[in-house]
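build me a structure from this.
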Amino acid sequence: MISIIGIVVVFGAIAAGYAMEHGKFLVLMQPAELLIILGAAIGTLVVANPLPLLIRIGQGLAGIFAGGAYTKAFYLTNLKMLFELYNHARKAGTAKIEEEVDNPEKSPIFSKYPDFMKSHHAVAFLCDTLRMACSGGVDPVDIDNMMEADLEVHHREAGEPVSALATMADALPGLGIVAAVLGVVITMGSLGGPKEEIGHKVASALVGTFLGILLCYGVFGPLAAAMGKQIEAEANYYSFLRIAALAFVKGMSPILAVELARRSIPSEVRPSFKEMETACRGGGQVASKAA
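The predicted structure follows:
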């Protein structure tokens, strides 16, 4: 939602300034120029990227307009889930948790947390790690290295849509010049005609340059940056899962494991310890379990 507000502010400020200078908005209405620039930009994006990546770009843009998913409430839910899972393993043994991670879709614990289950990679990341821990004989350092390798691959793939969108944004000023040159060509073909008509065609050509620069620095460049911030938030979430899983692998108590994970959450969305206690089991009951 905040991205939509930002784009509205960009266009609103430009329109207000143009109106203050008594500019005529009809001159800016050049659908042919917009078609040339935006159509060519989308074409370059399609040429340079495979269909799966184009789909991920669309999903990333939809995620920007939908708002941030990694909120304090989301992290609290995950802390509660982890505590419940680890507490279950402590009481029933590792064999029981192995049943949970082998079939997370059928797990009584995981099924209570649909927001977590929506991320197939997060589910696979956590369950595969815990499955390795339950198999026994694997050093925690080796498991940590496995998680690090997994996250490196995921982060590299997650950055591909951002790079593709930023490349398209960088191409927009050049495509604006292409539209302007085409406008000049049309203008040159009209020499000798009425001055008003020539002036209108020159203005149309200049609008092409204006649109290319505006779409680059006012729309698609910021959207690519916002998508990058979204990926950073996702990376922080996977780092949180990594620390939580490693704490379990090292044999920490459930409350200590989730507390260690809580401290890895970015400060702007990090729940307090009391909020975590309340979310997990309610008040001081968690502390008594930890004792």
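
name the element the residue most central in space within the chain belongs to?
Closest residue to the average C-alpha location of the chain: Q230 at 3.1 Å, with Cα atoms, centre = their mean. With secondary structure defined by DSSP states H and E, Q230 is part of helix 221-249.

name the next helix or strand downstream of that helix, please.
Beyond helix 221-249 on the C-terminal side, the first helix or strand identified by DSSP H and E is helix 254-262.

tilt between that next one and helix 221-249?
Put simply, helix 254-262 runs at 160 degrees to helix 221-249, going by axes from the mean of the first three to the mean of the last three Cα atoms, to 10 degrees.

quick check: mean pLDDT across helix 254-262?
With pLDDT averaged residue by residue, helix 254-262 scores 93.

name the residues of that helix that are buried.
Residues of helix 254-262 classed as buried by neighbour count (16 or more other Cβ atoms under 10 Å): P254, I255, A257, V258, E259, L260, A261, R262. Where C-beta positions appear, they are placed from N, C-alpha and C, glycine not excepted.

now for those residues: which two are most distant?
Distance extremes for these: the farthest pair is P254 and R262 at 12.4 Å, using Cβ to Cβ.

now the helices for the stretch 101-250 of the chain?
For the stretch 101-250 of the chain, applying DSSP state H, counting those that start in this stretch gives helices covering 114-117, 120-135, 140-188, 195-214, 221-249.

let's have these in TSV, adding distance to I57.
Below are the helices of the stretch 101-250 of the chain laid out as TSV (distance: least, Cβ to Cβ, whole Å):
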stretch	distance to I57
helix 114-117	23
helix 120-135	17
helix 140-188	4
helix 195-214	20
helix 221-249	8
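
for those, which one sits closest to M20?
Closest approach to M20 among these is made by helix 195-214 (16.8 Å; Cβ to Cβ).

follow-up on the earlier one: could you dump the buried residues of helix 254-262 to TSV with distance to L246?
Formatted as TSV, those follow (distance: Cβ to Cβ, whole Å):
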residue	distance to L246
P254	14
I255	16
A257	9
V258	13
E259	13
L260	8
A261	9
R262	14
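
contacting residues for the nearest residue to A203 once chain neighbours are set aside?
Setting aside the residues directly before and after it, A203 is nearest to V27 in space (Cβ to Cβ, 6 or more residues apart in numbering), at 5.2 Å. By Cβ atoms under 8 Å, 6 or more residues apart in numbering, the residues touching V27 are H200, A203, S204, V207.

closest to S163 among those residues?
For those, the nearest to S163 is V207 (29.3 Å; Cβ to Cβ).

excluding its backbone neighbours, what's nearest that closest one?
V207's closest residue in space is Q30 (Cβ to Cβ, 6+ apart), at 4.6 Å.

show me the contacts for the one you found.
By Cβ under 8 Å, 6+ apart, the residues touching Q30 are S204, V207, G208, L211.

so what's the residue count around V138?
For V138, the neighbour count with other Cβ atoms under 10 Å is 13.

okay, now the unreliable bits of the stretch 51-200 of the chain?
Applying pLDDT under 70 to the stretch 51-200 of the chain flags residues 192-193.

the closest residue to S239 other than its chain neighbours: what secondary structure?
Nearest non-adjacent residue to S239, counting by Cβ to Cβ, 6+ apart: S264, 6.0 Å away. Here S264 is coil, with the state taken from DSSP: H, G, I helix; E, B strand; the rest coil.

roughly how far does S264 sit from A149?
19 Å (Cβ to Cβ, to the nearest Å).

what about those two, which has more around it?
S264 (16 against 10).

hang on, isn't the more buried one packed against Y237?
No: contact criterion Cβ atoms under 8 Å: S264 and Y237 do not qualify, at 9.9 Å.

what distance do you get for A48 to A40?
13 Å.
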